[in-house]
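>>> pasting the structure only:
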Ligand SMILES: Nc1ncnc2c1ncn2[C@@H]1O[C@H](COP(=O)(O)OP(=O)(O)O)[C@@H](O)[C@H]1O
Ligand SMILES: O=P(O)(O)OC[C@H]1O[C@](O)(COP(=O)(O)O)[C@@H](O)[C@@H]1O
Ligand SMILES: [Mg+2]
């Protein structure tokens, strides 16, 4: 074992500040204005109220003190700046939501509108209908603070959303034609990849247009940030499905409760719902391949569990086990309008495999599988209190950043503080469950499920 470090030992951390794009990078003569917050009688700006270029957040906070040096990236802190690069009277802001639903979408829209309206006095705020395609195929909808007043109490997105329809030239032409000079894009990994292209094209055309994105992913699959908004709400809802599955399973001889949860390529919802519920016997996620038959397989484990407890609960993330489900060549090629692979229903397949297994091996014993698929129920809800507050802080962070002239960034929390992260950096990240870390070990220890490593 390594000896503990001396108390006088020094750890040097080399910090590199991630470059944050600014409008003046390509429009050097832009005029600045004093922020209207300075004269807003609800705010009493003190010395530490405004942030400056040098306020940063360090990304990595965990270090081995026995190493003499280490390194990390730092990001600019989100928050109001004293000098802004827009005259609020001339701001024309556009807000768009893209991709699948997520609890809190309406809160983010509401807070963007109210923040622009109340804090900066912006009066020209527009909603783009139905995702990216709405820029060029539909009229923008004028929004005001009164109109969005209670939107946070509604699930979904009042602006509507869609997949596909990304046409870069048409979108940027529409931004120019409508005279938008601030664009707020709310969406997940696909949306962020599109937002990077929009930002690059805006830069290429040297347009006076600030672009900010707010990461939306119920799957929590975007990297760098602590977690995505709506994720906690979804986990909370998922637990209701697990509880129901548990009740059904407990109330039948050899009862299996099977719950399928969202998670296209990551199992965060399944993992967190499993850890919080404690009723789950086996959690199957895309990051950890599993198999059904033979030694160390799912059925051997369930056989034991049914003998011990008389029932079992299995949670499966939608992207898990996809390689095992038989599919036609056409199904293998199937993608949605955004180009995401279309999955077959792992829950339906698993239910049928469970029944086949039982019929073959335990013919005469009673057996029940109750399959619960709460897919859209966990995301088509309003955000809980924590997520609502989080959405507000994200929206306000985005506004302050755009007003300060920053562009091509994503607003998000890093180690509990809000930061501006370059869009192109976050668009290529992926937050997956680390099956080597403590959290997954904890899942394994409370479920005692197999590791599915054939050996
Ligand atoms: N690589 C990409 N380049 C440009 N646009 C993209 C890209 N991937 C997805 N999009 C667009 O982003 C929007 C949302 O993407 P999607 O994958 O459906 O949802 P999400 O953003 O929630 O992951 C769609 O309009 C889609 O066409
Ligand atoms: O049926 P839809 O609307 O395409 O949504 C299903 C997908 O949406 C998700 O919840 C999240 O997708 P995005 O974050 O990419 O929008 C996935 O887990 C799921 O596969
Ligand atoms: Mg996605």
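Done, it's in. These figures come from a predicted structure and were not determined experimentally. Ligands and ions are numbered 1, 2, ... in the order given.
>>> tell me where the model's unsure across the stretch 351-455 of the chain.
Scanning the stretch 351-455 of the chain with the threshold set as pLDDT under 70 gives 455.
>>> what segments of it are strands?
Taking DSSP state E, counting those that start in this stretch as the criterion, the stretch 351-455 of the chain contains strands spanning 368-372, 409-414, 417-422.
>>> could you check the angle strand 417-422 makes with the second one?
Here strand 409-414 runs at 150 degrees with respect to strand 417-422, directions being taken by axes from the mean of the first three to the mean of the last three Cα atoms, to 10 degrees.
>>> now for the strands of the stretch 351-455 of the chain, which one comes closest to ligand 1?
Ligand 1 lies closest to strand 409-414 among the strands of the stretch 351-455 of the chain, at 12.3 Å (Cβ to the nearest ligand atom). All C-beta atoms are positioned from the backbone trio N, CA, C, and that covers glycine.
>>> which helices and strands sit right next to the closest one?
Contact analysis of strand 409-414 by 3 or more Cβ pairs under 8 Å, 6 or more residues apart in numbering; DSSP states H and E lists strand 210-215, helix 385-403, strand 417-422, helix 423-427 as its packing neighbours.
>>> on that earlier part again, how about the strands of the stretch 351-455 of the chain in JSON lines, adding distance to residue 257?
Conversion of these to JSON lines gives the following (distance: least, Cβ to Cβ, whole Å):
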{"stretch": "strand 368-372", "distance to residue 257": "5"}
{"stretch": "strand 409-414", "distance to residue 257": "34"}
{"stretch": "strand 417-422", "distance to residue 257": "39"}
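>>> and this structure, which residues reach ligand 3?
188, 189, 190 (Cβ under 5 Å from the ion).
>>> which of those are buried? Put it as a ChimeraX command.
Burial among these is assessed by 16 or more other Cβ atoms under 10 Å; the matching ChimeraX selection reads:
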select :188,189,190
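>>> now, which of the residues of the chain next to ligand 3 sits nearest ligand 2?
The nearest member of the residues of the chain next to ligand 3 to ligand 2, counting by Cβ to the nearest ligand atom, is residue 188 at 3.5 Å.
>>> isn't the closest one right up against residue 230?
No: using Cβ atoms under 8 Å, residue 188 is not in contact with residue 230, being 10.6 Å away.
>>> list residues touching both of those two?
Any residue near both residue 188 and residue 230 by Cβ atoms under 8 Å, 6 or more residues apart in numbering counts here, and that gives 102, 216.
>>> circling back to that earlier point, closest to residue 237 out of the residues of the chain next to ligand 3?
Using Cβ to Cβ, residue 188 is the member of the residues of the chain next to ligand 3 that sits closest to residue 237, with 18.4 Å.
>>> one step back: reformat the strands of the stretch 351-455 of the chain as TSV; add mean neighbour count.
Formatted as TSV, the strands of the stretch 351-455 of the chain follow (neighbours: other Cβ atoms under 10 Å):
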stretch	mean neighbour count
strand 368-372	19
strand 409-414	26
strand 417-422	24
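>>> turn these into TSV, columns for distance to ligand 2.
Output for these, formatted as TSV (distance: least, Cβ to the nearest ligand atom, whole Å):
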stretch	distance to ligand 2
strand 368-372	16
strand 409-414	15
strand 417-422	18
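>>> quick one: which of those strands is nearest residue 29?
Nearest to residue 29 among the strands of the stretch 351-455 of the chain is strand 409-414; the distance by Cβ to Cβ comes to 21.8 Å.
>>> highest mean neighbour count out of the helices and strands packed on strand 409-414?
With neighbours taken as mean count of other Cβ atoms under 10 Å, the helices and strands packed on strand 409-414 reach their highest mean count in strand 210-215, at a mean of 29.
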